[in-house]
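Asker: Sequence and predicted structure below; questions after.
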Amino acid sequence: MTTHRRLDDATRAKLATISTATVATILHARGLHNQFIQGVFRLTEHRRPMIGQAFTLRHIPAREDIDKREIFRDPQHPQRVAVETVGPGDVLVMDCRRDASSASLGGILASRLQSRGCEGFVSDAGIRDSDYVAGLDVPIYVAARSAPTNLTRHHGVDMNVPIGCGGVAVYPGDVMLGDGDGVIVIPLEYLDDILPEALRMEHYEPFAQAHILAGAKVTDFYPAKDEALALYAAYTKANPMPFGDA
């Protein structure tokens with residue numbers, strides 16, 4: 001298995017205040033334009049952000065003479081091994097070639113992810129038992145609701161290797177951040193660099209939004225002109241950034 005630095009509690013607390021939109025903007029400025037996983041939505045009903053690191057599972061197309069129901073009795077079946085391996089700090093990310101015509105997970109396995117303390121699940125395929133799964137605490141992001149078993153379309157082959165999910169390269173250990181917009185992949189080596197800027201942006205934007213709602217021009221506050229910066233400096237004195245001066 002690949003080893004990588006794990007997120008500490010302080011970093012997780014900061015990420016919990018940052019949106020995928022903010023991260024997308026900052027990564028774009030650094031030349032990374034394809035980090036937002038396309039075509040997935042948050043199935044789970046709560047609004048808690050998903051924060052964790054990628055534990056990947058790659059699939060190839062299923063074949064009828066191999067992918068029979070008896071395959072699930074094999075304790076080394078990659079899907080089963082993945083579900084029994086992930087834990088706190090991990091987000092299980094599946095590469096299903098953007099084929100949502102069958103499920104990649106269902107209620108039983110989603111329940112196991114939750115009981116193991118997994119931080120979330122992301123797949124560019126479907127999910128079944130979706131009414132049940134939507135009520136779980138573990139964040140679930142998928143491409144569709146789809147009743148057919150995964151064996152219909154997907155054959156798991158290997159874990160913790162680089163994969164593609166929703167058109168994005170995902171490497172083991174990448175930071176997976178999910179919110180109401182979807183899921184963005186933060187390469188681990190970029191995390192320390194982008195966090196301070198992301199925290200500043202999250203602190204500034206509510207201030208700017210309040211002024212724009214009150215009638216200010218977008219061009220005066222986004223990006224900020226000198227007058228807006230002076231107002232923001234005064235605002236910051238009364239409303240310090242939650243994690244100090246980033």
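Answerer: Everything's here; your move. Numbers count the residues shown, from 1 in each chain.

Asker: Quick check: buried residues in stretch 200-212?
Answerer: 201, 202, 203, 204, 207, 208, 211 (16 or more other Cβ atoms under 10 Å). The C-beta positions use only the backbone N, C-alpha and C, and glycine is treated the same way.

Asker: actually stretch 235-246, not the one I typed
Answerer: Going by neighbour count (16+ other Cβ under 10 Å), the buried part of stretch 235-246 is residue 235.

Asker: Can you pull the domain assignment for this structure?
Answerer: 9-186, 193-238 (automatic domain parsing).

Asker: and those domains, which is most packed in?
Answerer: For the domains of the chain, the largest average neighbour count (mean count of other Cβ atoms under 10 Å) is found in domain 9-186, namely a mean of 19.

Asker: distance between the ends of it?
Answerer: Taking Cα to Cα, to the nearest Å, domain 9-186 runs 17 Å from one end to the other.

Asker: Only alpha carbons, please: show stretch 235-246 as CSV.
Answerer: Once non-C-alpha atoms are left out, stretch 235-246 reads as follows in CSV (Å, rounded to 0.1, in the frame of the first residue of the first chain):
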residue,chain,number,x,y,z
TYR,A,235,-14.2,44.5,9.3
THR,A,236,-11.4,42.1,10.1
LYS,A,237,-10.5,44.0,13.3
ALA,A,238,-14.1,43.4,14.6
ASN,A,239,-14.3,40.0,13.0
PRO,A,240,-10.9,38.2,13.2
MET,A,241,-10.2,35.2,11.0
PRO,A,242,-11.2,32.1,12.9
PHE,A,243,-7.7,30.5,12.6
GLY,A,244,-5.7,33.6,13.1
ASP,A,245,-3.9,35.5,10.4
ALA,A,246,-3.4,33.0,7.6
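
Asker: quick one: average pLDDT of it?
Answerer: The pLDDT scores in stretch 235-246 average 89.

Asker: Strands of the protein, residue ranges please.
Answerer: Assigned by DSSP state E, the chain shows strands spanning 41-42, 50-61, 90-95, 120-123, 126-127, 140-142, 144-145, 154-159, 163-165, 168-170, 175-179, 182-186.
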